[in-house]
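Trainee: sequence and predicted structure below; questions after.
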Amino acid sequence: MPFKVKFGLSLAVTLVIVAAFFHQRALGHEGPQWALLFLAPFMLVALWIFPEVTRKPIDGGATAPPGGEPRPKGM
């Protein structure tokens, strides 16, 4: 994921977390507001440290996957 997209997403997540924190405070929900502040850093760090999932195409199914039968073509 490009840096600009990650940065924008991080900024959006941070703004939503801050808004949700104050909304929960206005409602008088003390537990959820602190849960937000506790979980927010984990969400933001996970966005930056875990790589984006990419899938590689299978070459026609000629080889068997580990522990199984070869896949029929078209699957």
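Mentor: Happy to help now that I have it. Keep in mind the model is a prediction, meaning the values are calculated, not measured. Residues are numbered from 1 along each chain as shown.
Trainee: going by C-alpha atoms from here, please, whenever you check contacts or count neighbours.
Mentor: OK.
Trainee: contacts only, for M43.
Mentor: Contacts for M43 (Cα atoms under 8 Å, 6 or more residues apart in numbering) come out as none.
Trainee: please apply the same query to A12.
Mentor: Counting by Cα under 8 Å, 6+ apart, A12 has no contacts.
Trainee: just the element for the most centrally placed residue in the chain, please.
Mentor: Taking Cα atoms, centre = their mean, the centroid of the chain lies closest to L47, which sits 6.0 Å from it. Taking DSSP states H and E as the definition, L47 sits inside helix 30-49.
Trainee: which parts of that helix are buried?
Mentor: For helix 30-49, burial by neighbour count (16 or more other Cα atoms under 10 Å) applies to 33, 40, 44.
Trainee: again with stretch 8-19
Mentor: Applying 16+ other Cα under 10 Å to stretch 8-19 flags 10, 14, 17 as buried.
Trainee: CA atoms only: put that stretch into CSV for me.
Mentor: Listed next in CSV are the C-alpha coordinates belonging to stretch 8-19 (Å, rounded to 0.1, in the frame of the first residue of the first chain):
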residue,chain,number,x,y,z
GLY,A,8,-4.5,9.0,5.1
LEU,A,9,-6.0,5.9,6.5
SER,A,10,-4.1,6.3,9.7
LEU,A,11,-5.3,9.9,10.0
ALA,A,12,-8.9,8.9,9.3
VAL,A,13,-8.7,6.1,11.9
THR,A,14,-7.2,8.5,14.5
LEU,A,15,-10.0,11.1,13.9
VAL,A,16,-12.7,8.4,14.2
ILE,A,17,-11.2,7.1,17.4
VAL,A,18,-11.0,10.6,18.9
ALA,A,19,-14.6,11.3,17.9
